[in-house]
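S.K.: Kindly generate the corresponding structure for this input.
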Amino acid sequence: MTAGWRAGIMSALMSVQSETHKRPNRWHQQLYRSSDGVPVLPPEIVSELGRGVLVVDVRERSELTSSIGHIPGASWIPAERLSAAVEDMARDTRIVLVSGRGRRSAKAALELEELGMIRVASMLGGMEEWRSRGLGVSRREDSFSCGLAAARESSSAPASERLTSDDIIAHIGDPNSLRWIKLAAFLMHSRTSCIDGRDSQGVVGTPGGDAGEFVLAMASIESLTDTEFDAAAVEALLDDYLETFGRFYMHTDRHAVEVWVKAMRADPELDKVLPGHGSTTDQWRQWFGSPPVEHRERILELLTQPGHIGCGHLRLMTQFAEVYGLRQGLVVAFLRGFFRRLWAGAAGLDYVVLEGEHAEQAAVNIVVDGDVWPFTRVPLIPPAGVIQVFVNHPQVVAFLRGQIAGFFALHPEIGVEPEDHEKIAGRMAELGGQQLGATLERLAKGLPIFEARFLADGTLQVTES
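M.R.: Numbering: from 1, shown residues only. Model (predicted):
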């Protein structure tokens, strides 16, 4: 399976014509083909894609309300009617097919490709695999729709309109149709994404995503131990972190990538080794996956300049380190370590390129009723939809920071002991609040802030802070 960052960065670097005629179904970086040639997506990716794809359950109707259940918000149409149902749909509609164990959906995916659908996939392992990964199911008749409808596209409401609680409720939609994941499963299979409002996937949001949390933890430990992490320590900790938690998210955006590429083109030595303007996707992928060793320091120098950092939270950390309570050199050391791990082929790194312009109209804190436990179900909320909002999950992130603090407390080589776990978690909470406030002050100043609370009875309550 191609790593997430490879396809993401390639799509932003490419300025040549699409090669869909060569790989007509390469529409998501995690999509791969099984040994039988079936286009497949893992369940956790389907969950994160949320409303950005049309999830179609091809089983018999009675199976959707049986003990195994169905994916909330899915469309239902049995396999034998699917071909006729897609006749009037756009050929590039993104469709994920689901069955009990993945066999019927695999067959259906190949049939749709034969009919000319160019963005179709079968969900790996079907509903059995979905459930085994801790993803939420429903057995209710009103949480799936009959027939097919187009997936919702992201767009923005007029920037002059001040959002209300009703707008946030409409943006989030029916809680019974959202994707949910148990917190324990989230730790094993998913990642925290940035609060950035341009992401149309369902996310658990925190400033900077996994990258922001990793830097926060290191900064907290530096302040507690009065020491500084060197580059080797940062890379060693990142390797161990990946081994422990799995997937790791950092994003940039198309604008930052374009400015970075322009800066590389302006360097005569780098320009000589860059792919030509008419290069193919595979040529760009090969270059970025392993740039010339003798030029990597210069490439890293450019990648870590503020104007080339597409995550606003990380960029602001480098520009206003004192306000964020950390060393600028710590952020730069992390970024260098991240890219070095990419070039070393580390598994689990998602380097995501966000598209479009910032048009956020509010910040929304997502909480669930009661205490948070490993078995608590967490809603994955898309920041971009009819409107754009910053999405933050403070309650869930507080739980995750406890786990991160425990991870770092097991590394005596950095000057901490296991009994320092609560001290690290406390410092992360304090400094994390400071950093969140600093980022919202600069990126969301004047915007309304809402709390979206998911109640135990299945309803959603939204209030403005």
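S.K.: okay, CA-based contacts and neighbour counts for the rest of this
M.R.: Will do.
S.K.: For residue 135, give me phi and psi.
M.R.: Residue 135 adopts backbone torsions of phi -90, psi 150, taken as degrees, to the nearest 10.
S.K.: Residue 316 contacts residue 439, doesn't it?
M.R.: Yes - Residue 316 is within contact range of residue 439, at 7.3 Å (criterion: CA atoms under 8 Å).
S.K.: where are the low-confidence patches of the stretch 1-150 of the chain?
M.R.: 1-24, 149-150 (pLDDT under 70).
S.K.: What segments of it are helices?
M.R.: 4-13, 43-49, 61-64, 79-85, 103-114, 126-132 (DSSP state H, counting those that start in this stretch).
S.K.: any idea which of the ones you listed is most buried?
M.R.: Greatest average neighbour count among those goes to helix 43-49 (a mean of 23), per mean count of other CA atoms under 10 Å.
S.K.: which other helices and strands contact it?
M.R.: In terms of contact count using 3 or more CA pairs under 8 Å, 6 or more residues apart in numbering; DSSP states H and E, helix 43-49 is assigned the packing partners helix 126-132, strand 179-182.
S.K.: Of these, which is nearest residue 357?
M.R.: strand 179-182 (25.8 Å; CA to CA).
S.K.: how close does residue 245 get to residue 341?
M.R.: 15 Å (CA to CA, to the nearest Å).
S.K.: Please apply the same query to residue 294.
M.R.: 17 Å.
S.K.: between those two, which one's more packed in?
M.R.: Neighbours per residue, other CA atoms under 10 Å: of residue 294 and residue 341, the larger number sits with residue 341, 17 against 8.
S.K.: Within the helices and strands, which one has that one?
M.R.: Take DSSP states H and E as the rule and residue 341 turns out to sit in helix 328-343.
S.K.: what about the nearest residue to residue 314 once chain neighbours are set aside, how many neighbours?
M.R.: Sequence neighbours aside, residue 208 is the residue nearest to residue 314 in space, at 6.3 Å (criterion: CA to CA, 6 or more residues apart in numbering). By other CA under 10 Å, 26 other residues sit near residue 208.
S.K.: same thing with residue 413?
M.R.: Counted with other CA under 10 Å, the neighbours of residue 413 add up to 10.
S.K.: Correct me if wrong, but it is in a helix.
M.R.: Yes - with DSSP: H, G, I helix; E, B strand; the rest coil as the criterion, residue 413 is part of a helix.
S.K.: returning to what we had before: distance to residue 202 added to the helices and strands packed on helix 43-49, as a markdown table?
M.R.: Shown next, in a markdown table, are these (distance: least, CA to CA, whole Å):
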| stretch | distance to residue 202 |
| --- | --- |
| helix 126-132 | 16 |
| strand 179-182 | 8 |
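S.K.: The chain - how does it break down into domains?
M.R.: 17-146, 175-464 (automatic domain parsing).
S.K.: Distance check, residue 351 against residue 309.
M.R.: 12 Å.
S.K.: what does the longest helix seen in the chain rub up against?
M.R.: Looking across the chain with DSSP state H, the single longest helix is helix 421-443. Residues outside helix 421-443 that contact it (CA atoms under 8 Å, 6 or more residues apart in numbering): 207, 216-217, 220-221, 224, 312-313, 316, 323-325, 398, 401-402, 404-406, 408-409.
S.K.: What are the buried residues along it?
M.R.: 421, 423-429, 431-432, 435-440, 443 (16 or more other CA atoms under 10 Å).
S.K.: Would you mind identifying the next helix or strand past it?
M.R.: Next along the chain from helix 421-443, counting by DSSP H and E, comes strand 449-454.
S.K.: Could you pull out the buried residues of whatever helix or strand comes next after that following strand?
M.R.: Elements were assigned by DSSP H and E; along the chain past strand 449-454, the next helix or strand is strand 460-464. Neighbour counts over strand 460-464 (16+ other CA under 10 Å) mark 460, 462 as buried.
S.K.: Find the centremost residue of the chain, please.
M.R.: Closest to where the C-alpha atoms of the chain average out (CA atoms, centre = their mean) is residue 193, at 4.7 Å.
S.K.: which residues touch that residue?
M.R.: Per CA under 8 Å, 6+ apart, neighbours of residue 193: 203, 204, 205, 206, 207, 208, 209, 210, 249, 250.
S.K.: secondary structure class for the residue lying closest to the first one once chain neighbours are set aside?
M.R.: Setting aside the residues directly before and after it, residue 203 is nearest to residue 380 in space (CA to CA, 6+ apart), at 4.7 Å. Using three-state DSSP, the secondary structure recorded for residue 380 is strand.
S.K.: so what's in contact with residue 351 and residue 309 at the same time?
M.R.: With CA under 8 Å, 6+ apart as the test, residue 351 and residue 309 both reach residue 252.
S.K.: quick one: which of the contacts of residue 193 is nearest to residue 92?
M.R.: Nearest to residue 92 among these is residue 203, at 24.0 Å by CA to CA.
S.K.: Quick check: phi and psi at the closest one.
M.R.: Dihedral pair for residue 203: phi -130, psi 160, per degrees, to the nearest 10.
S.K.: any idea how far residue 391 is from it?
M.R.: Residue 203 is 8 Å from residue 391, by CA to CA.
S.K.: what is in contact with these two at once?
M.R.: By CA under 8 Å, 6+ apart, residue 203 and residue 391 have these common neighbours: 381, 382, 383.
S.K.: and the angle for the longest strand seen in the chain with strand 460-464?
M.R.: Ranked by residue count under DSSP state E, the longest strand found in the chain is strand 360-368. Here the directions of strand 360-368 and strand 460-464 differ by 130 degrees (axes from the mean of the first three to the mean of the last three CA atoms, to 10 degrees).
S.K.: elements contacting strand 360-368?
M.R.: When contacts are defined as 3+ CA pairs under 8 Å, 6+ apart, strand 360-368 packs onto strand 388-392, helix 394-409, strand 449-454.
S.K.: Hmm, residue 34 is touching residue 42, no?
M.R.: No - with contacts counted by CA under 8 Å, residue 34 stays clear of residue 42, the gap being 11.6 Å.
S.K.: who's more crowded, those two?
M.R.: residue 42 (18 against 13).
S.K.: Excluding chain neighbours, what is closest to the more buried one?
M.R.: Leaving aside its chain neighbours, residue 42 sits nearest to residue 124 (5.1 Å; criterion: CA to CA, 6+ apart).
S.K.: Read off the pLDDT value for the residue with the largest distance to the centre of the chain.
M.R.: Using CA atoms, centre = their mean, the residue of the chain lying farthest from its centre is residue 268. It sits 35.3 Å away. For residue 268, the pLDDT comes out at 95.
S.K.: So what's the residue count around the closest residue to residue 368 other than its chain neighbours?
M.R.: In this structure, residue 368 finds its nearest non-sequential neighbour in residue 454, 4.7 Å apart by CA to CA, 6+ apart. As a burial measure, residue 454 scores 19 neighbours (other CA under 10 Å).
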